[in-house]
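Asker: here is the input, now give the coordinates:
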Amino acid sequence: MSSFLDIHTTDPADLRAMIDQGRAMKDARHGLPKGAPDAEQPLANRMVALIFEKPSTRTRISFDVGIRQMGGQTMVLSGADMQLGHGETIADTARVLSRYVDLIMIRTFEEQTLHEMAEYADVPVINGLTNRTHPCQIMADVMTYEEHRGPIAGKKVVWSGDGNNVFASFAHAAGQFGFDLTFTGPPTLDPEREWLDFCAAKGHPVTIDRNPERAVEGADLVVTDTWVSMHDPQSARERRHNQLRPYQVNEHLMGLAKPDALFMHCLPAHRDDEATSAVMDGPHSVIFDEAENRLHAQKAVVRWCLGL
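Answerer: Predicted coordinates:
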């Protein structure tokens, strides 16, 4: 059994196997009602703890539904339910949970919380999101691209906006899956040097281009994310809007990419901020396929963690 903590710490062959299994499991469900169980029930008699220190829509529902489809049961816990790291240490919480459940998924703020949970748990731990990375989302994004356009290796992916935790996992994926990644955004919101160094070491250095129009030329995929976090104060929101407004993905910008380029956004979106509704609802957009594929990609991640 293995934990799934980040894309850059997981073997590329295992990542590929998860993507392929996710697509196979999705195909196997074709025509079934949403609530119907999978024909194969690999999680029968398994219990999974889903811990949310941060609010969630897609992560919570996709993990919960996916585990149930595979025959497992879930225990959904909030930060308030657990007081994680307050009173009882994270290490002790990990040890206790390991006596009750077969797997832990945690969506948290600090990366250290994730790593401490994984270090002291006797069961696999999945990174549902931290302030630094969001690997499950990018597994779904790679799956979505390949579903529509074939292998992502060698393709040009352009990220427009903030070099945040979602971008970090895209950078990891560029190194592991072998695609070319361009970042276009203000220097004040550049991605961490560690992630750029990882890509360079893998032979796929990230291109940084401050001119979004030039950056998207020849792009196979254009990606953005929300400009503000729900936790940002109003003053920070205003600063971010001012910095990021030139990097909005609109019809003009998408028109400079390849004619068959795809557009992705991990959602939730602030429509007509980071991307216009015309793009989000337009012919290039696969945002709802992307959201659905969280379910299928994460089912494959769960099975890999449990050796199933």
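Asker: rest of the way, CA atoms for contacts and neighbours
Answerer: OK.
Asker: please report phi then psi for S277.
Answerer: phi -60, psi -30 (degrees, to the nearest 10).
Asker: so the nearest residue to it once chain neighbours are set aside bridges to which residues?
Answerer: Nearest non-adjacent residue to S277, counting by CA to CA, 6 or more residues apart in numbering: R271, 5.8 Å away. Beta-bridge partners for R271, by DSSP bridges, are A275.
Asker: ok, R271 to Q41 distance?
Answerer: 39 Å (CA to CA, to the nearest Å).
Asker: give me the below-cutoff pLDDT ranges for the stretch 201-308 of the chain.
Answerer: 230-235 (pLDDT under 70).
Asker: over to the stretch 1-150 of the chain?
Answerer: For the stretch 1-150 of the chain (pLDDT under 70), the answer is 85.
Asker: where's K202 relative to F179, distance?
Answerer: For K202, the distance to F179 - CA to CA - is 11 Å.
Asker: where along the stretch 1-150 of the chain do the strands fall?
Answerer: Using DSSP state E, counting those that start in this stretch, the strands of the stretch 1-150 of the chain run over residues 47-52, 73-78, 103-107, 125-129.
Asker: could you dump these into a markdown table and include distance to M264 and mean neighbour count?
Answerer: Converted to a markdown table, these look like this (distance: least, CA to CA, whole Å; neighbours: other CA atoms under 10 Å):
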| stretch | distance to M264 | mean neighbour count |
| --- | --- | --- |
| strand 47-52 | 25 | 22 |
| strand 73-78 | 28 | 16 |
| strand 103-107 | 22 | 25 |
| strand 125-129 | 18 | 26 |
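Asker: same list (those) but as CSV, adding distance to F183.
Answerer: Output for the strands of the stretch 1-150 of the chain, formatted as CSV (distance: least, CA to CA, whole Å):
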stretch, distance to F183
strand 47-52, 30
strand 73-78, 34
strand 103-107, 26
strand 125-129, 21
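Asker: between these, which one is nearest to P187?
Answerer: strand 125-129 (24.2 Å; CA to CA).
Asker: counting by contacts, list what the helix or strand where A291 lies packs against.
Answerer: For A291, the element it lies in under DSSP states H and E is helix 287-305. Contacts defined by 3 or more CA pairs under 8 Å, 6 or more residues apart in numbering; DSSP states H and E place helix 287-305 against helix 12-28, helix 58-69, helix 135-149, strand 262-265.
Asker: switch the cut-off to 7 Å
Answerer: helix 12-28, helix 58-69, helix 135-149 (3 or more CA pairs under 7 Å, 6 or more residues apart in numbering; DSSP states H and E).
Asker: tell me the contacts of D102?
Answerer: By CA atoms under 7 Å, 6 or more residues apart in numbering, the residues touching D102 are R46, M47, V48, V123.
Asker: ignore what I typed, I meant D122.
Answerer: R95, S98.
Asker: and if we set it to 10 Å?
Answerer: D122 makes contacts with M1, A94, R95, V96, L97, S98, R99, V101, D102, L103, I104, as judged by CA atoms under 10 Å, 6 or more residues apart in numbering.
Asker: which one (most neighbours) among the residues you listed?
Answerer: I104 (27 neighbours; other CA atoms under 10 Å).
Asker: that one reaches A49, doesn't it?
Answerer: Yes: counting by CA atoms under 10 Å, I104 touches A49, with 4.8 Å between them.
Asker: quick check: neighbours shared by those two?
Answerer: T74, M75, L97, S98, V125.
Asker: out of these, which one sits closest to Q83?
Answerer: L97 (13.7 Å).
Asker: now do the contacts for the closest residue in space to the closest one that isn't next to it in sequence.
Answerer: Once flanking residues are discounted, L97 sits nearest to A121: 7.5 Å by CA to CA, 6+ apart. Contacts of A121 were listed using CA under 10 Å, 6+ apart, and they are 3, 90-99, 103-104, 115.
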